[in-house]
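**Student:** With the input below, show me the fold.
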Amino acid sequence: MIQELDHDEAALVIRADPQSLYELIADVTRMPEFSPYIRKVTWIRGATGPTVGARFKAVNAMGRGPAWFNKPVVTVVDPGREFAFERTEPFAGTIEWRYRFEPVNGGTRMIESYRVVKPVSRVGWFIIGTLYGIKDDRAVLRKGMEETLQRIQATAEKWSGITTAGAAGSP
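**Tutor:** Numbering: from 1, shown residues only. Sure, this is the predicted structure:
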């Protein structure tokens, strides 16, 4: 099944400062704590932290299929404001993942988004649907973004002693 997958975003207001949230995301080795689909992340090719051009290896899993890995490259490093990377996979195209941090009254509006740079091929859609059993990739990615933001919120607000029960939600 061929889908229209082009871009999407999710946002959540988190009672934490933009720099603290940026540091959580830019340390990509912590992504397994936040994303329901990432199992392990390590910096590779001599990279030890977020710089433009740095690469990391991510082990992902979703649906009923086996885990797989990719090697994203960091594309934007703007502490406290924005962090982004692109991942390219055979048959699954290229997707840019971006995190933006906007100061708001009482915290930060954190926005996670993706943008398809190179579309998923027909073979890729066949693999996603048949091997992994995913029929609506857009819905799976949206759910993953929302869950990631909620997990980041819980971690960030725990640091500051704030519970998420009284936190502002997404706009």
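
**Student:** Could you give me the buried positions within the longest helix along the chain?
**Tutor:** Looking across the chain with DSSP state H, the single longest helix is helix 137-159. Of the residues in helix 137-159, those buried under the neighbour-count criterion (16 or more other Cβ atoms under 10 Å) are 137, 140-141, 144-146, 148-150, 152-153, 155-157. For every residue, glycine as well, the C-beta is placed using N, CA and C.

**Student:** again, but for stretch 84-99
**Tutor:** Of all the residues in stretch 84-99, those buried under the rule 16+ other Cβ under 10 Å are 84-87, 89, 92-93, 95-99.

**Student:** do stretch 31-45 as well
**Tutor:** Of the residues in stretch 31-45, 31-32, 34-35, 37-38, 41, 43 count as buried by neighbour count, 16+ other Cβ under 10 Å.

**Student:** do the same with stretch 105-125
**Tutor:** Of the residues in stretch 105-125, those scored as buried under the neighbour-count criterion (16+ other Cβ under 10 Å) are 107-114, 116, 119-120, 124-125.

**Student:** Among these, which one lies nearest to residue 18?
**Tutor:** When the buried residues of stretch 105-125 are compared for distance to residue 18 (Cβ to Cβ), residue 108 wins out at 4.7 Å.

**Student:** what sits against that closest one?
**Tutor:** 13-14, 16-18, 21, 101-102 (Cβ atoms under 8 Å, 6 or more residues apart in numbering).

**Student:** From the residues you listed, which land in strands?
**Tutor:** Assignment to strands by DSSP state E places the following of the contacts of residue 108 there: 13-14, 101-102.
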